[in-house]
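> All I have is the shape, not the residue letters:
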């Protein structure tokens, strides 16, 4: 009579482990760059929204004639500053710094809103603020009557 031997199969073979490790490596190699790009895009969108909010604060301060002067935002390469009157250095109110390698193109320049009506002080052309994350950009435009919009 045959004696059946029971084989103990309580583990994984080396081949099975190598296949699983290979699959995990491939998935990680695909997922990490996508996640990093997603974080960069979210950072760019958040920064653009923060710039728009600062522009709206300046416009609202101008409309309400706070301190009896025009209000605006001074833009530099890696920061923007809420300011009053002519945005000269002594009139800076709050400074905001861009993070994650974001930059403002064509800086330095000012976007100033007229007191009481919130229109642009310089109405010759719409003001354009371009945020650059090293490949992807968001553009914020302020037209002569003070409308603020974001485009890609």
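Looks like it arrived, so ask away. Only a predicted model underlies this, so the values are computations on that prediction, with no experimental measurement involved.

> Quick check: residue 56 vs residue 87, distance?
For residue 56, the distance to residue 87 (C-beta to C-beta, to the nearest Å) stands at 16 Å. Placement of C-beta: from N, CA and C, glycine included.

> Quick check on those two: which one has the bigger neighbour count.
Neighbour count, other C-beta atoms under 10 Å: between residue 56 and residue 87, residue 87 has more, with 25 against 15.

> if I've got this straight, that one is in a strand?
No. Going by DSSP: H, G, I helix; E, B strand; the rest coil, the assignment for residue 87 is coil, not a strand.

> Test my guess that it contacts residue 108.
No. The criterion here is C-beta atoms under 8 Å, and residue 87 misses it with residue 108 at 9.7 Å.

> Common neighbours of the two, please.
Common neighbours of residue 87 and residue 108, counting by C-beta atoms under 8 Å, 6 or more residues apart in numbering, are residue 74.

> average pLDDT for stretch 17-35?
Mean pLDDT, stretch 17-35: 90.

> do stretch 129-139 as well
Computed over stretch 129-139, the average pLDDT equals 90.

> again with stretch 61-81
94.

> Flag every buried residue along that stretch.
By 16 or more other C-beta atoms under 10 Å, the buried positions in stretch 61-81 come out as 61-63, 69-75, 80-81.

> Then stretch 33-41?
In stretch 33-41, counting by 16+ other C-beta under 10 Å, buried: residue 40.

> What ranges does this structure have for its strands?
71-75, 79-84, 92-97, 103-104, 109-113, 127-132, 137-142, 148-151 (DSSP state E).

> Tell me the strands beside the fourth one, with direction?
Taking DSSP bridges as the criterion, strand 103-104 pairs within the sheet with strand 127-132 (antiparallel).

> And the partner strand, how far out from the chain middle?
Centroid displacement of strand 127-132 relative to its chain, using C-alpha atoms, centre = their mean, to the nearest Å, is 11 Å.

> which residues are in contact with that strand?
Here strand 127-132 has contacts from 44, 47-48, 51, 75, 98, 102-106, 109, 111, 120, 137-142, using C-beta under 8 Å, 6+ apart.

> can you state the direction angle for it and strand 71-75?
For strand 127-132 against strand 71-75, the angle by axes from the mean of the first three to the mean of the last three C-alpha atoms, to 10 degrees is 40 degrees.

> List only buried entries from the contacts of strand 127-132.
Buried residues within those, counting neighbours by 16+ other C-beta under 10 Å: 44, 47-48, 51, 75, 98, 102-104, 111, 120, 138, 140, 142.
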